[in-house]
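1. what's the 3D shape of this:
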Amino acid sequence: MRRTAHDLDVSGEVPVIGALNVYGRDHVYTVGDITDVPEAKRGSCAMRHGKVVAENITAQLRGERPAVV
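-> Presented below is the predicted three-dimensional model:
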């Protein structure tokens, strides 16, 4: 993914939709502190994000809808 300034929001975070996809990119995910998810930025959140993203990638490969965080 080529990064450009418009990929980040005003606070320097990557905008994501509920399934942790990068906004506007259905097959690109992000986890942890870089997301614009309104939550405390700590390792336990990144671990939870990672599990959700792994499940969502598997669902996409099966032709299913990804789960929302």
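2. Spatially central residue in the protein, please.
-> In the chain, the centroid-proximal residue (Cα atoms, centre = their mean) is Leu20; its distance is 2.7 Å.
3. Quick check: phi and psi on that residue?
-> Main-chain torsions, Leu20, degrees, to the nearest 10: phi 70, psi 20.
4. Need the pLDDT of it.
-> On pLDDT, Leu20 comes in at 94.
5. Contact partners for it?
-> Listed by Cβ atoms under 8 Å, 6 or more residues apart in numbering, the contact set of Leu20 reads Tyr29, Thr30, Val31, Thr35, Val37, His49, Val52, Val53, Asn56, Val69. Any C-beta I mention is one placed from the backbone N, CA and C, and that applies to glycine too.
6. switch the cut-off to 10 Å
-> 14, 28-32, 35, 37, 49-50, 52-53, 56, 66-69 (Cβ atoms under 10 Å, 6 or more residues apart in numbering).
7. burial measure for the closest residue to Lys41 other than its chain neighbours, as a count.
-> Spatially, and ignoring its direct neighbours in sequence, Lys41 is nearest to Asp33 (4.4 Å; Cβ to Cβ, 6 or more residues apart in numbering). By the measure other Cβ atoms under 10 Å, the count of residues near Asp33 is 15.
8. Go ahead and confirm Asp33 touches Ser11.
-> No - the pair formed by Asp33 and Ser11 falls short of the contact definition of Cβ atoms under 10 Å, at 11.2 Å.
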